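Trainee: Kindly return the folded structure for what I paste below:
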Amino acid sequence: MGEKDTVLLAVFIGIATNVSTTFARLCLRLDDGEPLRIHRDGATFSAAALIDNRTSHMQWYTGNTLYDTLLIVGFAYSLLVMVSSVFGTAAYGGRFGGGKRAKGIKLGSKTGWILMELPGLLVFPVVFFMGPNADQSVPLFFLAVWMFHYTNRALVAPMLMRVQPGSTASFSLGVVIAGWATLFLHGYFNAAYLTQFGEQYTDAWFSDPRFQIGLVVYVIGFSLNVHSDSILRNLRAPNPSPDEPRYKIPYGGGFKWVTCPQYFGEILSFTGFAIMVWNLGAVFVLAMTAGNLIPRALFTHKWFHKNFDDYPKARKAIIPGIL
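Mentor: This next block holds a predicted model:
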């Protein structure tokens, strides 16, 4: 990263940290819901009874005005993203960033990715440790999964990018800000539900089929995403020269079947996470992810067919054999 990008990154990290802490305190201060209790109203409920009686369906109404209102706003926002993505994909990446003619503030690829994903590493743990059940084993397991996932997204994957020297900055600041809105909501919804509003997260949840199935789906999706990113990254030399072709046809792994297996893996990851935690806050980010990445995969698929005459005809865009 250049000196300008480094300064911008430091400034945004400071802002994000302060905003995420303030946001978390506000959310929990306005709480009028009840945290997880095994003993309620003079009666004792087993963990299995709580799971069977209260979580057959994902709980929409928590009783917390702020949480329930933001959840409705979040799903309305995800619908807007789905509709708008059909008409044009987000302005980041060399193919869709707009190049030198693009308007607005543009960041380098590494800086843009780190800034956009940064709230994922900040908001969730801040809200999480303000909850009354933050010391319970099931919420702590999900904290570990979350931090592992977003450490990869916010730090590992961007820093491993192989950026061609002299390439034009293509990551729109508007995309970063939109990503922040999504991740602030995503982090708050899940951390607050895991440690304050959710009633199913006792040790019995580890043996629930939803947890086990969701974990398997998540691991498959995450592995596919990381492996696909590795294939794409290795299309370029560790230190690419300015004369090296910027785009090549990827082969191997999920690319045998689809143009964007990395997107398919990301969608599978969040599908698994939504099943595993069984709350609507996780469904919100799944809707956001699918609404953004499915249209983007279709645009990418069309771009490759247009620019490479020898592009494999049998490949689908994102879902093997279907789409």
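
Trainee: make it CA atoms for all contacts and neighbour counts henceforth
Mentor: OK.

Trainee: Can you report how many residues neighbour residue 309?
Mentor: Residue 309 is flanked by 9 other residues according to other C-alpha atoms under 10 Å.

Trainee: where does it fall, helix, sheet strand or coil?
Mentor: Assigned by DSSP: H, G, I helix; E, B strand; the rest coil, the conformation of residue 309 is coil.

Trainee: which stretches of the chain aren't confidently modelled?
Mentor: Within the chain, the segments meeting pLDDT under 70 span 1-56, 60, 88-104, 166-168, 240.

Trainee: separation between residue 262 and residue 222?
Mentor: For residue 262, the distance to residue 222 (C-alpha to C-alpha, to the nearest Å) stands at 9 Å.

Trainee: higher neighbour count, the two?
Mentor: Between residue 262 and residue 222, counted using other C-alpha under 10 Å, the more crowded position is residue 262 (27 against 21).

Trainee: For that one, list the residues it contacts.
Mentor: Residues in contact with residue 262 (C-alpha atoms under 8 Å, 6 or more residues apart in numbering) are 224, 225, 226, 227, 228, 229.

Trainee: now residue 263
Mentor: Residues near residue 263 by C-alpha under 8 Å, 6+ apart: 225, 293, 294, 297, 318.

Trainee: Spatially nearest residue to residue 118 (excluding sequence neighbours)?
Mentor: Closest residue to residue 118 apart from its sequence neighbours, by C-alpha to C-alpha, 6 or more residues apart in numbering: residue 154 at 5.8 Å.

Trainee: oh sorry, the question was meant for residue 301
Mentor: residue 317 (5.4 Å).

Trainee: For burial, what's the neighbour tally of that neighbour?
Mentor: So residue 317, with other C-alpha under 10 Å, has 26 neighbours.

Trainee: Kindly report the same for residue 224.
Mentor: 22.

Trainee: Can you tell me, leaving aside adjacent residues, what's nearest to it?
Mentor: Distances taken as C-alpha to C-alpha, 6+ apart put residue 265 closest to residue 224, at 5.0 Å, once the chain neighbours are dropped.

Trainee: name the element the one you found belongs to?
Mentor: In this assignment (DSSP states H and E), residue 265 forms part of helix 261-277.

Trainee: quick one on the thing from earlier: so the residue nearest to residue 118 makes contact with residue 110?
Mentor: No: judged on C-alpha atoms under 8 Å, residue 154 makes no contact with residue 110 at a distance of 9.5 Å.

Trainee: What is the burial count for the nearest residue to residue 133 once chain neighbours are set aside?
Mentor: For residue 133, the nearest residue in space outside its immediate sequence neighbours is residue 195; the separation is 4.6 Å by C-alpha to C-alpha, 6+ apart. Here the number of neighbours of residue 195 (other C-alpha under 10 Å) works out to 25.

Trainee: what's the answer for residue 203, then?
Mentor: 14.

Trainee: residue contacts, the residue lying closest to it once chain neighbours are set aside?
Mentor: Counting by C-alpha to C-alpha, 6+ apart, residue 203 lies nearest to residue 138, which is 6.2 Å off, once chain neighbours are set aside. By C-alpha under 8 Å, 6+ apart, the contact list for residue 138 reads 201, 202, 203, 205, 206.

Trainee: From residue 204, how far out is residue 138?
Mentor: Look at residue 138 and residue 204: by C-alpha to C-alpha, they are 9 Å apart.

Trainee: Could you verify my assumption that residue 58 touches residue 278?
Mentor: Yes: contact criterion C-alpha under 8 Å: residue 58 and residue 278 qualify, at 6.1 Å.

Trainee: Mind checking which of the two has more residues around it?
Mentor: Shown here are residue 58 and residue 278; by other C-alpha under 10 Å, residue 278 has more neighbours (24 against 15).

Trainee: Pop out the phi and psi values for residue 171.
Mentor: As for residue 171, its main-chain torsions (degrees, to the nearest 10) stand at phi -100, psi 110.

Trainee: Helices of this structure, start to end?
Mentor: In the chain, helices defined by DSSP state H lie at 3-29, 47-54, 65-87, 109-128, 137-151, 157-159, 173-192, 209-233, 261-277, 280-307, listed in chain order.
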